[in-house]
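In: My questions concern the predicted model and sequence given below.
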Amino acid sequence: MVASYPQELKRGNLIAAMQHADEEEDINKVLRIVDRIFSQVPRKFTSKVEGKMGYEDFVYFILSEEDKSSEPSLEYWFKCIDLDGNGVLTRNEMQFFYEEQLHRMECMAQEPVLFEDILCQINECYVTLHDLKGSKLSGSVFNILFNLNKFMAFETRDPFLIKSGTRIPT
C-alpha cells in the first residue's frame with residue numbers, strides 16, 4: 001500500500017526542493033537531476049576526490065544515459081527521481097523534474113507539453129521500479145522528465161515508421 005501524499009511529503013525533501021526552485025529567479029541555476037547525481041543518490045562515486053566522478057562513475061553514467069531501458073539504468077534513474085527514497089515515484093516527484101523540461105521548451109520557443117498530458121500517457125498516479133521494468137516504454141519515462149532532446153524525438157516519432165520496423169534516427 002502506498003503512503004498518503006501528506007505523509008510522503010513530510011518524509012522527503014520535495015517541499016524544500018520545490019521552494020528552492022520557486023525562490024530562485026533563474027531556474028537554470030536549479031540543476032535538479034544533476035544535483036541528485038552529484039549527491040551520489042543513485043550510486044556512490046568511486047573517485048577518491050570528493051564531489052568528483054571517477055572514470056568508472058562517468059562510464060556508468062554515460063551508459064545509463066544512452067540506454068535508459070536497461071535494468072541498471074532503470075534502477076539508477078529511478079533512485080534519482082525517487083526524492084523520498086520510498087520505492088515509489090509519485091505524481092509530485094515526476095512533476096518536480098518535469099518543471100525544468102517545461103522551462104526548457106519555453107526557452108526554445110517550443111510548444112510546451114503539459115504535465116497532465118504526460119500523466120495520461122503514463123496512466124498511473126504512481127510508478128514503481130517493478131512497473132518500469134515491465135514496460136516497453138520504460139526508458140522514455142526518464143527522457144520525458146529530464147532529457148529534452150530525446151523527449152522531443154519520442155514525441156515527434158512517426159507511428160507508421162515504428163510499425164513498419166524502420167529505425168528512427170536520433
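Out: Arrived safely, thanks for sending. Numbering: from 1, shown residues only.
In: quick one: low-confidence ranges for the chain?
Out: Within the chain, the stretches falling below the threshold (pLDDT under 70) are 1-31, 121-124, 158-170.
In: what do you get if the cut-off is 80, keeping everything else the same?
Out: Scanning the chain for pLDDT under 80 picks out 1-31, 118-125, 155-170.
In: how about the helices in it?
Out: Listed in chain order, the helices of the chain (DSSP state H) span 5-11, 14-23, 32-38, 55-66, 71-81, 91-107, 115-122, 129-133, 138-146, 148-155, 159-164.
In: of all the ones you listed, which gets the most neighbours per residue?
Out: Ranked by average neighbour count under the criterion mean count of other CB atoms under 10 Å, these are headed by helix 138-146 at a mean of 22. The C-beta positions use only the backbone N, C-alpha and C, and glycine is treated the same way.
In: Give me the angle between that one and helix 115-122.
Out: Going by axes from the mean of the first three to the mean of the last three CA atoms, to 10 degrees, helix 138-146 is angled at 170 degrees with respect to helix 115-122.
In: And the contacts of helix 138-146?
Out: Identification of contacts with helix 138-146 by CB atoms under 8 Å, 6 or more residues apart in numbering yields 32-33, 67-69, 73-74, 77, 81, 94, 97-98, 100-101, 118, 122, 127, 132, 135, 150-151, 154.
In: Likewise for stretch 110-118?
Out: For stretch 110-118, the surrounding residues in contact (CB under 8 Å, 6+ apart) are M94, Q95, Y98, E99, L102, M105, E106, I144, M152, E155.
In: In JSON lines: those residues, plus distance to L63.
Out: Output for the contacts of stretch 110-118, formatted as JSON lines (distance: CB to CB, whole Å):
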{"residue": "M94", "distance to L63": "23"}
{"residue": "Q95", "distance to L63": "27"}
{"residue": "Y98", "distance to L63": "24"}
{"residue": "E99", "distance to L63": "27"}
{"residue": "L102", "distance to L63": "28"}
{"residue": "M105", "distance to L63": "27"}
{"residue": "E106", "distance to L63": "31"}
{"residue": "I144", "distance to L63": "20"}
{"residue": "M152", "distance to L63": "22"}
{"residue": "E155", "distance to L63": "24"}
